[in-house]
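> sequence? don't have it. structure:
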């Protein structure tokens, strides 16, 4: 099992602490949902977890190894990711080529990623011609094509229509069932209920609550989380 550890992690900007200190360990399978209002620290948590941002203090470790040294073992889906000026197939082939995977193996992995992401567009189609929902599914396919152990997603379903969102969520649930750990941020409470097996709640850059299962909604402890669930934050 892949274990994520935040040990007294802080992030400062202009001599002001904007995140932390946070100490927590994620060692469960399934889908961890990161929640909180805008500016709560969700995106910073994911960036630190993936090694995209380095902490000012403390350490972020995956199985005891610094996050920045293990990025190739994870996939990341940003809120907005520009597509490459290539075909759908070319967008997925590039991360594989960077790992030395080409030919028949690359073709097999790309086909599997397209199926898992529920993207049925012609692989030869220019990625720039995809709809918004198709681009988001391409983002997911690109994140999973190299068979990562963990996928992190930063509010991936923002601005999706209900049907596209439902298909996207179904893909995430299926990927998690196959053993890939998923950590996803969202401020969509119904979506969090549908997806989450574990919850982290942030407010003001602080981790206010960690909860397993639906206990987060039924036995919330922190005042900030209670106000958030009531729509007051």
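Happy to help now that I have it. Not measured: the values here are computed from a predicted model.
> alpha carbons only for contacts and neighbour counts from here, please
Noted.
> strands of this protein, residue ranges please.
4-13, 16-26, 31-35, 57-62, 65-66, 74-77, 150-154, 181-185, 198-203, 206-212 (DSSP state E).
> Throw those strands into TSV and include mean pLDDT, mean neighbour count and distance to residue 169, thanks.
Shown next, in TSV, are the strands of the chain (pLDDT from 0 to 100; neighbours: other C-alpha atoms under 10 Å; distance: least, C-alpha to C-alpha, whole Å):
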stretch	mean pLDDT	mean neighbour count	distance to residue 169
strand 4-13	97	18	23
strand 16-26	97	17	21
strand 31-35	97	26	11
strand 57-62	98	20	25
strand 65-66	97	16	30
strand 74-77	94	22	14
strand 150-154	96	23	12
strand 181-185	97	25	11
strand 198-203	96	23	16
strand 206-212	93	18	19
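> scan the chain for its longest helix.
Under DSSP state H, the helix in the chain containing the largest number of residues is helix 162-177.
> measure residue 175 to residue 118 for me?
Between residue 175 and residue 118 the computed distance is 11 Å (C-alpha to C-alpha, to the nearest Å).
> I should have written residue 87 there, sorry.
Remark: distance between residue 87 and residue 118 (C-alpha to C-alpha) = 17 Å.
> what of residue 148?
18 Å.
> looking at those two, which has the bigger crowd around it?
residue 118 (19 against 16; other C-alpha atoms under 10 Å).
> how about the longest helix of the chain: buried residues?
Of all the residues in helix 162-177, those buried under the rule 16 or more other C-alpha atoms under 10 Å are 164, 165, 167, 168, 169, 170, 171, 172, 173, 175, 176.
> same check on stretch 33-46?
Going by neighbour count (16+ other C-alpha under 10 Å), the buried part of stretch 33-46 is 33, 34, 35, 36, 37, 40, 41, 42, 43, 44, 45, 46.
> ok now the worst-scoring helix or strand of the chain on mean pLDDT, how far from the chain's centre?
Across the helices and strands of the chain, mean confidence by mean pLDDT, DSSP states H and E is lowest for helix 215-218: a mean of 87. Taking C-alpha atoms, centre = their mean, to the nearest Å, the mean C-alpha location of helix 215-218 is offset from the chain mean by 22 Å.
> ditto for stretch 149-163
Counting by C-alpha atoms, centre = their mean, stretch 149-163 comes out at 7 Å from the chain centroid.
> got it, and stretch 118-137?
That offset, for stretch 118-137, works out to 20 Å (C-alpha atoms, centre = their mean).
> so what would you say the end-to-end distance of that stretch is?
Start-to-end span of stretch 118-137 (C-alpha to C-alpha) is 7 Å.
> residues of that stretch that come out buried?
118, 119, 123, 126, 127, 130, 133, 134, 135, 136, 137.
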